[in-house]
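Asker: How does the following fold in three dimensions:
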Amino acid sequence: MKKNRILIVGGSSYIGSNLATVLGQDNTVIGTFNSNHSNIKKNHAIHVGLTEADPFKLFKNEKPFDAVIWAAQSKE
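Answerer: Residues are numbered from 1 along each chain as shown. Modelled structure (predicted):
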């Protein structure tokens, strides 16, 4: 069976990290974080500052993702 590539924006959040744990069993999961990556496996954690002008520029030359899940939360 093909492993899907899944991006979880906010992968270090409570919901994002739990999704990464479950989905990571059968898929390749990449999680983004802003300041805390302790809830994501180090080799699958990528720093993304969502307030930057082009926060996803790191992914422009990457193989496309099969799914993107938005689990980021505001600190406000």
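Asker: Can you tell me the SS state at the most centrally placed residue in the chain?
Answerer: Of all residues in the chain, the one closest to the mean position by CA atoms, centre = their mean is Gly31, 2.0 Å from it. Judged by DSSP: H, G, I helix; E, B strand; the rest coil, the three-state class of Gly31 is strand.
Asker: Then Asn18?
Answerer: Put simply, Asn18 is helix when judged by three-state DSSP.
Asker: follow-up on the earlier one: please tell me the pLDDT value assigned to the residue lying closest to the residue nearest to the centre of the chain once chain neighbours are set aside.
Answerer: Counting by CB to CB, 6 or more residues apart in numbering, Gly31 lies nearest to Gly11, which is 1.9 Å off, once chain neighbours are set aside. C-beta coordinates here come from the backbone N, C-alpha and C atoms, glycine included. Reading off the per-residue confidence, Gly11 sits at a pLDDT of 88.
Asker: For Gly11, pull up the helix or strand it's in.
Answerer: Using DSSP states H and E, Gly11 sits within no helix or strand.
Asker: if we can go back for a sec, from what I see, the residue nearest to the centre of the chain and Ser13 are in contact.
Answerer: No - judged on CB atoms under 8 Å, Gly31 makes no contact with Ser13 at a distance of 9.1 Å.
Asker: Please enumerate the strands of this protein.
Answerer: For the chain, the strands defined by DSSP state E occupy 5-9, 28-33, 45-47, 67-70.
Asker: out of those strands, nearest to Ala53?
Answerer: strand 45-47 (15.4 Å; CB to CB).
Asker: can you list the residues that contact that closest one?
Answerer: Under the criterion CB atoms under 8 Å, 6 or more residues apart in numbering, residues 11-12, 30-34, 37, 58 lie in contact with strand 45-47.
Asker: What of stretch 7-21?
Answerer: If you take CB under 8 Å, 6+ apart as the criterion, stretch 7-21 is touched by 23, 29-34, 36-41, 44-45, 48, 50, 59, 65, 67-73.
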